[in-house]
Each structure stands twice: as structure tokens, then as C-alpha cells.
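Trainee: build the 3D model from these lines:
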Amino acid sequence: MESPNQLDDFSFQRKRRPEAIASAEVDLLLRVISQDLSAPMATIQDTCRQLTMVCKRMNESFEDEASFGNARSPFEPLVTKEIPEAVQRIRGEVDHMRCLTSGLLQFIRLGQIVLQWEGLDVNQLVMGIVTSMERKLKIKEVVVRIEDLPDCMGDEVLVNQVFANLLDNAQKYLDPARPGEIKISGKTMHGWSVYSVGDNGIGVAGDHHAGIFEAFSHPVVEPGGRQGVGLAIVRRIIDRHQGNIEVESTPGQGSTFRVYFPRAIIAEEGGGKEE
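Mentor: A predicted model of the protein is given here:
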């Protein structure tokens, strides 16, 4: 993809049509993810509930026997500790699978959404996101600094998600050894509004920069060894807006994500909708 730095004003660019995806293939994939995968996950969750109930009843039985002076059952540690812990791990994995399937559905559907182009007050948009994250940021004692941000053109829902994902990503990978700081700034460049979301977190090695935008394939995983689709979705949204995203990061010092959205656009076709 050509860097926005080398493009003329977005106003004079012909809006490209989104890449075509076979409708039948998309429908099949959406059905598999939303239905065929959700059914076994629901069964696993139900089985976990049943196991928890069984363990609770057996534990109550052990307590009743102990009250009559009977010896503790050798199975008691299994019922009171080992099985409940295993069930908790299974539930955690199922919850993670639900998050992944939800992210995949969103990622696939992004290719089908018709963008609703409009002028966006990015200052107001970002303040709303930070306010919604206030509790999480306070718990981590994160300081967020927001400079004056230029307006841009784009789909409000999707642009909002880009900043929400970038801010969530920044707070997620802060270094617990020092106070967390996140800085959001912006400027205009040719026909683009350029926004930077920087942090003083754990950072990413240079040879991993490209991979962090690929779903499930990047080596920098979420706390607990997870891999997600957050940055892949960000990249997908920005591609739909014909913009770009760059990352500068140094391990142990932090990361800065720089995103480009169109600053000006002539909405000639479709009453402001993407062609």
C-alpha cells in the first residue's frame, strides 16, 4: 500500500472499490463461526456448571460425614480443589474462544460494511473513549495526555473503534515497573489527519513490528499468553478508509502507533457513502 506521505490530497483521489469477496464463501464462514462453533462452546460451559454442582454436593457430603467423626475421604482434595481449578481453567479458555470468534466475525464483516463518510470531531471522540476507560485507567494509575486533535473524515463507528483499540492496547502493555503514561496527539499533513497514540510500555522488537497487525500470528501476546485480533481489526478499518498505520517501538521504552485518516474528501457518489 502506498504511504499516505506520498499521496496527494485525499480529496483528489478516486475512491477505490473494496476488494470483492465471494458472498457464498463469506456466508459459510460466518455461519461456521457464529453457529457451528458456538454450540460446542455452550455445551462445554453447561458441562462445567454441572461439574461445579456435583463437586459442591460431594463437598457437602464430606462435611456431613466429618461432623459425625468419620474419616476424611481421600477424594476430598480432588473435589474441593483439583476439579474446581480445572473447571475454572476450562471456563477461561471458553471465554477466550468467545472473544476470538467475536473478533473474527467483526474482522470478516468489516469487508462488507458500507462506510458512512462524515466529518468527525476527533477531540470529542477520543475524550468519550478515555472517559469510558476511566475506571480501568485509574486502577492502573495511568496518566493520559491528549493534545488538540484535528478533525478527519470517516465512518464514526469504525474510527471510534480504531482509537478505542489503540488506547486499550496501550494500557494493556504498560510496564508495571513504572507509572504508565499514554499520549495522544495529532497534526495535518497534505490531505491527511495524522494521529499518534504513544505509551511508555514494554515495547515491541523491530523484527516483530509487521506481525503485530496480523490476527493470531504475532509474537507479542496478551497477558496470560493470549493472541487477539485487535490490531488486525484496526489495520482492516484503516485500509477501508484508504489510510495507513505505522508503529515505532523499542523494547523497554514503549510504542507509538501513527494512523492516517483523510482530512478532506469530495463525496461525489452515493450521497457521501463509499462507492
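
Trainee: all helices for the stretch 101-250 of the chain, in order.
Mentor: 122-132, 134-139, 156-172, 230-240 (DSSP state H, counting those that start in this stretch).

Trainee: for the third one, packing partners?
Mentor: Other elements packing on helix 156-172 under the criterion 3 or more C-beta pairs under 8 Å, 6 or more residues apart in numbering; DSSP states H and E are strand 117-120, helix 122-132, strand 181-189, strand 192-199, helix 230-240, strand 254-262. Using the backbone N, CA and C atoms, a C-beta is placed for each residue, glycine as well.

Trainee: now that helix: buried residues?
Mentor: 158-167, 169-172 (16 or more other C-beta atoms under 10 Å).

Trainee: how many neighbours does G191 have?
Mentor: The number of residues packed near G191 is 19, by other C-beta atoms under 10 Å.

Trainee: got phi/psi on it?
Mentor: Torsion angles at G191 (phi, psi; degrees, to the nearest 10) stand at phi -100, psi 20.

Trainee: what do you get for E147?
Mentor: Here is the backbone geometry of E147 (degrees, to the nearest 10): phi -90, psi 170.

Trainee: hmm, S185 and it touching each other?
Mentor: Yes: with contacts counted by C-beta atoms under 8 Å, E147 reaches S185, the gap being 4.2 Å.

Trainee: the more surrounded of the two?
Mentor: Comparing E147 with S185 by other C-beta under 10 Å, the one with more neighbours is S185, at 16 against 12.

Trainee: partners of the more buried one in the sheet?
Mentor: S196 (DSSP bridges).

Trainee: do you know how far it is from V144?
Mentor: 12 Å (C-beta to C-beta, to the nearest Å).

Trainee: correct me, but H209 touches S249?
Mentor: Yes: taking contacts as C-beta under 8 Å, H209 lies within contact range of S249: 6.6 Å.

Trainee: neighbour-wise, which of these two wins?
Mentor: For H209 versus S249, neighbours defined as other C-beta under 10 Å are more numerous around S249 (22 against 16).

Trainee: the residue lying closest to the more buried one once chain neighbours are set aside and L125, how far apart?
Mentor: Among residues not flanking S249 along the chain, S255 sits closest, at 3.8 Å (C-beta to C-beta, 6 or more residues apart in numbering). Going from S255 to L125 by C-beta to C-beta gives 21 Å.

Trainee: neighbour count winner among these two?
Mentor: Shown here are S255 and L125; by other C-beta under 10 Å, S255 has more neighbours (24 against 19).

Trainee: so the more buried one makes contact with A170?
Mentor: Yes: taking contacts as C-beta under 8 Å, S255 lies within contact range of A170: 7.4 Å.

Trainee: what do these two both touch?
Mentor: Jointly contacting S255 and A170 under the rule C-beta atoms under 8 Å, 6 or more residues apart in numbering are 198-199, 201.

Trainee: can I get those residues in JSON lines with pLDDT?
Mentor: Below are the shared contacts of S255 and A170 laid out as JSON lines (pLDDT from 0 to 100):
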{"residue": "G198", "pLDDT": "96"}
{"residue": "D199", "pLDDT": "96"}
{"residue": "G201", "pLDDT": "93"}
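
Trainee: show me the shaky parts of the protein.
Mentor: The model of the chain has pLDDT under 70 over residues 1-36, 65-72, 96, 99-109, 111, 210, 215-228, 264-275.

Trainee: let's see that with 50 instead.
Mentor: Within the chain, the ranges that satisfy pLDDT under 50 run 1-2, 5-21, 218-227, 266-275.
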